[in-house]
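K.L.:
Got a predicted model here, sequence first, then my questions.
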Amino acid sequence: MDTLWRHLVVQDYEISRPASTRLEFDLYTTSLTAWPAVWMDDPTPYGVLRRPGIVDIDRTVHEKLVGRLADHLFDPARAQAVVTRAVGHRERTAAALTRTEQALAVGTAGMTGTALAEATSAFLPVMSTHIVNWLLPEAQWEAFLTHLFGDEGRARACLLALSTPAATGHLLAAHQDAVQAALAVRGGAELGSTAADLTARIGTLYGEGTPAARAMPYEDPAQVAGLVQTLAASPDPEAEFEHITAARARTQRLREAWEAAALLAAAGDPGAVARVRAIVIVLAWACDSEERRKVLRHSYLSAVRRWCQTQDLDPATLTTTDLLTAGASS
């Protein structure tokens, strides 16, 4: 994620995300500098913007803030509070994007701009939680669990199980949606309307590049219709659901077994039990949050691009500031 240089921690998205637009750089760097406020109500900025895409963080500030974050995430009450807040940001973003899509569908520029401004305001904190996912105190958690189990291998196995999402990842979930659509068409549903509905749900998720700059292939209902027809003609699409369901069930059982093992190992020590509960709370959120953020990110960037087309604007040159005032300027 970052590079150490002298007394600085340098986050350079020009290297890690070279195909990004200015808006994407702005989303990442604005949310990066704000994560202490989002997660800990700490107004200390996490670094200084060198230019869009690059942030320089004083190493002392980095170590202080990351240390405070670790303290937060070892306390179950504070861990639950920040996770609840993070989920709320996701839900507000999704609601604002739904309003944006509705406004785009009826061609109401002012309503679309207002909804996009709301979506931007809600999505920036979601992006800040993405940053925190890279700063989780995994080394401290592993050391704590190693002490608890008396075995490093068991500690790592426990962390791995707790870090494996029980929910289906966004690409696999999109594929499941496509298979469901194929089964519906096979059962007599009309192809065009089925493909249009599927496009609205998964259209931005597949394809190279970024939906900020160009439409993804499955934003085109005709291409989605071709995918649905192909799947409908396949021999046994239902079998995939059985394999996916069984794998998810195994993952959930393993997660529950390791959670129980950690709590049993901590029994008799209230402080250790609290730490285990905090780790479980945070990892249950963290292992799934990137999947949900990716869906919101692609939906958001696609909506911005399509709104720009109605306003004769270049989506590659916009900033978050432009979008936060989009309602007033439409």
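P.N.:
Arrived safely, thanks for sending. Residues are numbered from 1 along each chain as shown.
K.L.:
helix/strand/coil for Leu205?
P.N.:
coil (DSSP: H, G, I helix; E, B strand; the rest coil).
K.L.:
Was I right to think it contacts Val224?
P.N.:
No: using Cβ atoms under 8 Å, Leu205 makes no contact with Val224, being 11.4 Å away. The C-beta positions use only the backbone N, C-alpha and C, and glycine is treated the same way.
K.L.:
Touching both of those two, which residues are there?
P.N.:
Each of Tyr218 lies in contact with both Leu205 and Val224 under the rule Cβ atoms under 8 Å, 6 or more residues apart in numbering.
K.L.:
Look at these two and report which has more neighbours.
P.N.:
Val224 (26 against 21; other Cβ atoms under 10 Å).
K.L.:
chain center to the longest helix seen in the chain: distance?
P.N.:
In the chain, taking DSSP state H as the definition, the longest helix is helix 270-311. Relative to the chain's own centre, helix 270-311 is displaced by 3 Å; criterion: Cα atoms, centre = their mean, to the nearest Å.
K.L.:
immediately after that helix, which helix or strand?
P.N.:
As assigned by DSSP states H and E, the chain's next helix or strand after helix 270-311 is helix 320-324.
K.L.:
List of residues touching that next one?
P.N.:
Outside helix 320-324, the residues touching it (Cβ under 8 Å, 6+ apart) are Leu23, Asp26, Leu27, Thr30, Leu116, Ala117, Thr120, Ser121, Leu124, Val304, Ser329.
K.L.:
Out of the residues you listed, which sit inside helices?
P.N.:
Using DSSP H, the contacts of helix 320-324 in helices are Leu23, Asp26, Leu27, Thr30, Leu116, Ala117, Thr120, Ser121, Leu124, Val304, Ser329.
K.L.:
Separate out the buried members of the contacts of helix 320-324.
P.N.:
Buried by 16 or more other Cβ atoms under 10 Å: Leu23, Asp26, Leu27, Thr30, Leu116, Ala117, Thr120, Ser121, Leu124, Val304, out of those.
K.L.:
Mind picking the two most distant members of these?
P.N.:
Thr30 and Leu116 (15.6 Å; Cβ to Cβ).
K.L.:
hang on, the earlier thing: tell me the one of the ones in helices among the contacts of helix 320-324 nearest Val185?
P.N.:
For the ones in helices among the contacts of helix 320-324, the nearest to Val185 is Val304 (31.7 Å; Cβ to Cβ).
K.L.:
In this structure that closest one contacts Ala212, no?
P.N.:
Yes: Val304 lies in contact with Ala212 (Cβ under 8 Å); the separation is 6.5 Å.
K.L.:
tell me, what's touching those two both at once?
P.N.:
Leu23, Pro315.
K.L.:
Now do the strands in the stretch 1-150 of the chain.
P.N.:
Taking DSSP state E, counting those that start in this stretch as the criterion, the stretch 1-150 of the chain contains strands spanning 3-5, 8-12, 48-51, 54-58.
K.L.:
Relative to Ala232, tell me which of those strands wins on proximity.
P.N.:
Nearest of those (Cβ to Cβ): strand 8-12, 45.5 Å.
K.L.:
how big is the angle separating that closest one from strand 54-58?
P.N.:
160 degrees (axes from the mean of the first three to the mean of the last three Cα atoms, to 10 degrees).
K.L.:
can you give me phi and psi for His108?
P.N.:
Quick fix: residue 108 is Thr, not His. Thr108 adopts backbone torsions of phi -100, psi 100, taken as degrees, to the nearest 10.
K.L.:
And for it, the neighbour number?
P.N.:
Thr108, neighbours per other Cβ under 10 Å, totals 15.
K.L.:
same question, Glu290
P.N.:
Neighbours of Glu290 (other Cβ under 10 Å): 16.
K.L.:
Test my guess that it contacts Trp134.
P.N.:
No: counting by Cβ under 8 Å, Glu290 does not reach Trp134; the two are 10.0 Å apart.
K.L.:
Sketch out the low-pLDDT regions of the stretch 101-250 of the chain for me.
P.N.:
237 (pLDDT under 70).
K.L.:
One more pass at 90, please.
P.N.:
Within the stretch 101-250 of the chain, the stretches with pLDDT under 90 are 105-113, 129-134, 164-180, 182-183, 186-187, 200-219, 229-250.
K.L.:
Please enumerate the helices of it.
P.N.:
109-133, 138-149, 152-162, 170-186, 191-202, 221-232, 238-266 (DSSP state H, counting those that start in this stretch).
K.L.:
Quick check: buried residues in the second one?
P.N.:
When you say that, I think you mean helix 138-149. Result for helix 138-149 [16+ other Cβ under 10 Å]: buried residues Gln140, Trp141, Phe144, Leu145, Thr146, Leu148, Phe149.
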